[in-house]
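S.K.: no FASTA, just this:
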């Protein structure tokens with residue numbers, strides 16, 4: 001008996017309450033509770049489990065894989081926790097790096113489960129990317145940070161002269 005007012009208050013606080021105005025009159029409308037979500041399809045649950053198991057089996061082949069390929073390990077944990085919806089929640093940069101790691105790890109795409117996961121990850125990257133060429137969104141001001149980096153260092157003038165001499169095959173000082 002003592003809990004009844006608290007249950008009513010909890011029900012009132014969890015319902016959708018809206019103020020409506022009709023002319024000069026303001027009224028309160030309590031919306032009907034949302035319908036219960038239908039239980040997920042058993043085949044969809046089975047597909048999610050098989051995807052998670054296939055990725056786990058792949059990452060278990062080498063002991064240090066999760067340590068080296070951290071983005072792919074993170075995607076594996078997210079898929080195990082939230083299922084396929086994790087690809088919608090994870091940052092696109094993480095999915096893009098995990099996809100590159102995934103493609104570097106697998107050379108034979110004959111397993112339909114791994115191939116399906118690869119295509120889902122690629123679609124998630126393309127769908128959520130603002131880049132017109134399909135790459136991940138970048139907050140950087142330049143494209144210096146790419147996969148193929150160029151490193152430029154200064155060298156001494158004497159080393160430059162020696163290189164130039166060797167290149168032209170003659171002494172430039174004379």
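M.R.: That came through fine. Everything numeric in this text was worked out from a predicted model, so none of it was measured. Numbers count the residues shown, from 1 in each chain.
S.K.: SS state for residue 62?
M.R.: coil (DSSP: H, G, I helix; E, B strand; the rest coil).
S.K.: actually residue 76, sorry about that
M.R.: helix.
S.K.: so residue 110 sits in a helix?
M.R.: No: membership of residue 110 in a helix is not supported by three-state DSSP, which gives coil.
S.K.: how about stretch 66-84, which residues are buried there?
M.R.: Under the neighbour-count criterion of 16 or more other C-beta atoms under 10 Å, stretch 66-84 has 66, 69, 71-76, 78-80, 83 buried. Every residue, glycine included, has its C-beta placed from N, CA and C.
S.K.: pLDDT of that stretch, averaged?
M.R.: Mean pLDDT, stretch 66-84: 89.
S.K.: rewinding a little: ok, the buried residues of stretch 66-84 vs residue 110, which is closest?
M.R.: residue 72 (19.5 Å; C-beta to C-beta).
S.K.: OK, contacts around that closest one?
M.R.: By C-beta atoms under 8 Å, 6 or more residues apart in numbering, the contact set of residue 72 is 59, 65-66, 98, 101-102, 105.
S.K.: neighbours of residue 164, just the number please.
M.R.: Neighbour count of residue 164, defined by other C-beta atoms under 10 Å: 12.
S.K.: where's it, which helix or strand?
M.R.: Assigned by DSSP states H and E, residue 164 belongs to helix 157-168.
S.K.: that helix packs against which elements?
M.R.: Using 3 or more C-beta pairs under 8 Å, 6 or more residues apart in numbering; DSSP states H and E, no helix or strand is in contact with helix 157-168.
S.K.: confirm residue 21 sits in a strand?
M.R.: Yes: Residue 21: assigned to a strand according to three-state DSSP.
S.K.: and the gap between it and residue 12?
M.R.: 21 Å (C-beta to C-beta, to the nearest Å).
S.K.: do the same with residue 166
M.R.: For residue 166, the distance to residue 12 - C-beta to C-beta - is 86 Å.
S.K.: residue 110 too?
M.R.: Residue 110 is 57 Å from residue 12, where distance means C-beta to C-beta.
S.K.: of those two, which one has the most company?
M.R.: Using other C-beta under 10 Å as the criterion, residue 110 and residue 12 rank with residue 12 on top: 10 against 7.
S.K.: tell me the contacts of the more buried one?
M.R.: Remark: with contacts taken as C-beta under 8 Å, 6+ apart, residue 12 is in contact with nothing.
S.K.: chain center to the helix or strand where it lies: distance?
M.R.: Per DSSP H and E, residue 12 falls inside helix 4-14. Taking C-alpha atoms, centre = their mean, to the nearest Å, one finds helix 4-14 lying 39 Å from the centre of the chain it belongs to.
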